[in-house]
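In: kindly return the folded structure for what I paste below:
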Amino acid sequence: MLHLTAVPAYRHLRAISLWLFLPLLAGTLSPAARSADKKNEKVEPWVEIRTPHFVVMSDGGEKTARRVADQFDQVRRVFQATMPNAHFDTGVPIQILAAKDGKSFATLIPEYPFDKRHPQPEGLFVGGAEKNYIVLRTNVSGPIPYEDIYHNYARLILRLSYHSLPPWLEEGYANVYGGMALTDKGAKIGKPDPEDLSALWESPLLPLDLVIHVDRASPYYHPTGPATVYSAESRALVHYLLTQAQPSGIKSLEQYIAKVESGSDALEAARQAFGDLNQLQSKLEGYIKQSSTVPTEIQAAGGSDSISAARTLTPAETEARIGDLDLGRGRRDDAQTKLEDALKLDPSLASAEESLGFYLLQVSQLEEAEKHFMRAAEIDPKLPLAYYGQGMVAMSRGGFVGVPVGAIVAFEKTVELSPAFAPAWYNLASIYTLRHETLQKALDAAQRAASLVPGDAGYQYQVAVILENLGRTEEARKAAERIRNSSSDLRAADKATDLIAQISQPHSSASSPTKPAPAPAASTDDRQVHLERKTEPDDRPAATASSRTAETNAPPSAAAPLPAAPVVARVYSMVGTITDVSCTDAPQVQITLKAQPIVIHLHAADIAHLTIKPTPGKNSVCQGLRGRSARVTYQLVSEQKWDGEIQAVELRDTP
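Out: Numbers count the residues shown, from 1 in each chain. Predicted coordinates for the structure are as follows:
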């Protein structure tokens, strides 16, 4: 949720007989029936069906909910059959809201009111870091009713699975699934998009060695522009390999992907996997010019995943789910109203508490957000995002600098409950990076995040920065070069280039790997978003850093740039217990600050000039500090017996 982009899912509105979905029960959507004019309407309750990868809720009855769950499980199996070694675990199951008709859909998505004069989209795909939502109508026509939803789901899977797919293959994969029709055995894939075929009929094909060699810096590559011969030919080539070139096509693609993911040159990998590219081009030309082609059956082995029993949602649960969708779409006011109404209906609803916590986190009401996250975890201790929210609150309080120990505990609980939830691993790595003693733990966590979402350049960049801080410069260089050469995120590629340049320079003491680097920010990739939080005015350390970026088309928010390579001489803060104080070398003072699992040793040159709020009272400073809980602001130092120089001490309790 939190700053997500909704992608309208209709490029081609088609009026073809529907084979997959049967007519559904009549009725009207009634999430919580707030207004008086809904009191006399027939209420169709929403039912929920769960699979390991999807949570489906529908007001069309249990049969509709099961049909939608079966369909998307089948789509996932088709992806499995055609995307070698793809990953499908998003950490939190994809939420699907299946509206039974246009009136119900308009209640979920008010921008598309029910009006026969203006067509509604078949659905929306709402992608984000914490959750992904799909909203769809089930009373649609056509054998391929959800073309753009499949297209965007495919892009999500590609991002979860691969870090260096060449543009031709990424574009082709995402496109080919938009035109598939599901069958009892899997799916049928027909010819490429008619617009692509038209472009290829009007212009000669580009040489395949050029198509395959194009990278994201090439003038041929226009991911958001109109169809070109390059993009049309890329998509047609993947169509051909997945259909007409069977059974060798998918196996060749598997070999090709393995080679490019391991760092091989895209063109050389293609020659090894596909053979003579001139022969392949001749076959592709013949495929494009065929007047008619029988759709190719893609076998999707295995049956449906285990599906839960249907459960009728309460009005409060329904209202909370729709409020969470509103929050994901950036409709904060609507979300707040629905979530607060849900809690009025059911004060013990953990999902509403969790979502309201994220709303309050977005508007920087940190204390209230924390209360709701803690309440959600108290009601349901198995909610990973309730703990993740607590971690984000802890990091927000420190301005995303320092060592927020509460965040460590919260994020570790998150990954315990949801090991595939990459943002929590990323944030753990960001915290562990701040201490040399925990740099290896930082690397382990960063590599875990990067392996879960290989297509996130921000995660990959974090790994490179930590490798550099560990003194593993050659590994850091290779990681940065991979980002520079293959990332679709041009800002991340620029930062990787800067890191390579720094690695090439002689290291000075200021860049010694014994010093922690600031946590690198995540990618601004348009399918993954991260939080950006403002520090409270009275709780801002001397230096702050944004750690999250806003999604394109999200509510206005400043985008945080990816950081430069490691720097030091920054001010950090940490909340913990002062376990030891030494004043034997007065006016100097040394303290030991402990917050499991971290212990740091800090120093002040002159205790008389040290800012301590509130003052320890009648006790001397040494006596008054020992055993106290405090936020200590400090600046990291090197080549000293202590870790940092104290800037200020804020006592958090009374003696």
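
In: in the helix or strand containing Asp148, what's buried?
Out: Under the criterion of DSSP states H and E, Asp148 resides in helix 147-161. Buried residues in helix 147-161, counted by 16 or more other C-beta atoms under 10 Å: 147-161. Every C-beta, even on glycine, is put in place using the N, C-alpha and C of the backbone.

In: so what's the residue count around Lys344?
Out: Residues near Lys344, counting by other C-beta atoms under 10 Å, number 12.

In: what of the one 3 residues further on?
Out: Neighbour count for Pro347, taken as other C-beta under 10 Å: 12.

In: any idea of the pLDDT on it?
Out: In this model, Pro347 is scored at 96, pLDDT.

In: again, but for the one 10 residues further on
Out: On pLDDT, Gly357 comes in at 97.

In: check Leu417 too.
Out: For Leu417, the predicted pLDDT is 96.

In: any weak-confidence spans in the stretch 501-650 of the chain?
Out: Across the stretch 501-650 of the chain, the ranges flagged by pLDDT under 70 are 506-573, 596-597, 617-620, 638-639.

In: go with 90
Out: 501-589, 593-601, 605-650 (pLDDT under 90).

In: and for the stretch 301-450 of the chain?
Out: Checking the stretch 301-450 of the chain against pLDDT under 90 turns up 301-308, 395-406, 434-436.

In: mind listing the helices in it by residue range?
Out: Secondary structure of the stretch 301-450 of the chain (DSSP state H, counting those that start in this stretch): helices at 315-328, 332-345, 350-362, 366-379, 384-397, 405-417, 422-432, 439-452.

In: what packs against the shortest one?
Out: Applying 3 or more C-beta pairs under 8 Å, 6 or more residues apart in numbering; DSSP states H and E, one finds that helix 422-432 makes contact with helix 384-397, helix 405-417, helix 439-452, helix 457-469.

In: quick one: mean pLDDT over the helix holding Asp148.
Out: Throughout helix 147-161, pLDDT has a mean value of 89.

In: for Gly624, which non-adjacent residue is closest in space?
Out: Residue nearest to Gly624 in three dimensions, not counting chain neighbours: Pro616, with 2.4 Å by C-beta to C-beta, 6 or more residues apart in numbering.

In: quick one on the thing from earlier: redo the helices of the stretch 301-450 of the chain as CSV? Include distance to Ser264.
Out: What follows is the helices of the stretch 301-450 of the chain, written out as CSV (distance: least, C-beta to C-beta, whole Å):
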stretch, distance to Ser264
helix 315-328, 39
helix 332-345, 46
helix 350-362, 42
helix 366-379, 45
helix 384-397, 37
helix 405-417, 33
helix 422-432, 26
helix 439-452, 20
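
In: which one of those lies nearest to Leu242?
Out: helix 439-452 (25.9 Å; C-beta to C-beta).

In: that older thread, give me the distance between the residue nearest to Gly624 and Ala630.
Out: From Pro616 across to Ala630, the span is 11 Å (C-beta to C-beta, to the nearest Å).

In: which of these two has more neighbours?
Out: Neighbour count, other C-beta under 10 Å: between Pro616 and Ala630, Ala630 has more, with 21 against 17.

In: Provide the secondary structure category for the more buried one.
Out: strand (DSSP: H, G, I helix; E, B strand; the rest coil).

In: what strand or helix carries the residue nearest to His603 when sequence neighbours are not counted?
Out: Closest residue to His603 apart from its sequence neighbours, by C-beta to C-beta, 6+ apart: Trp642 at 4.1 Å. Trp642 belongs to no helix or strand when assigned by DSSP H and E.

In: wait, Trp642 touches Gln588, no?
Out: No. If you go by C-beta atoms under 8 Å, Trp642 and Gln588 don't touch, sitting 10.1 Å apart.

In: just the C-alpha atoms of the helix or strand hosting Leu237, please, in CSV.
Out: According to DSSP H and E, Leu237 maps onto helix 229-242. The C-alpha trace of helix 229-242 is given here as CSV (Å, rounded to 0.1, in the frame of the first residue of the first chain):
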residue,chain,number,x,y,z
VAL,A,229,9.6,-1.7,-35.3
TYR,A,230,12.0,-2.6,-32.5
SER,A,231,9.4,-3.1,-29.9
ALA,A,232,7.0,-4.9,-32.2
GLU,A,233,9.8,-7.2,-33.4
SER,A,234,10.9,-7.9,-29.8
ARG,A,235,7.4,-8.9,-28.9
ALA,A,236,6.9,-11.0,-32.0
LEU,A,237,10.2,-12.8,-31.4
VAL,A,238,9.1,-13.9,-27.9
HIS,A,239,5.7,-14.9,-29.3
TYR,A,240,7.5,-17.1,-31.8
LEU,A,241,9.8,-18.7,-29.3
LEU,A,242,7.0,-19.5,-26.9
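
In: which helices and strands does that helix pack with?
Out: helix 167-176, helix 194-202, helix 208-213, helix 248-261, helix 277-289.

In: can you give me the offset of the fourth one from its chain's centre?
Out: Here helix 248-261 is found 26 Å from its chain centre; the criterion is C-alpha atoms, centre = their mean, to the nearest Å.
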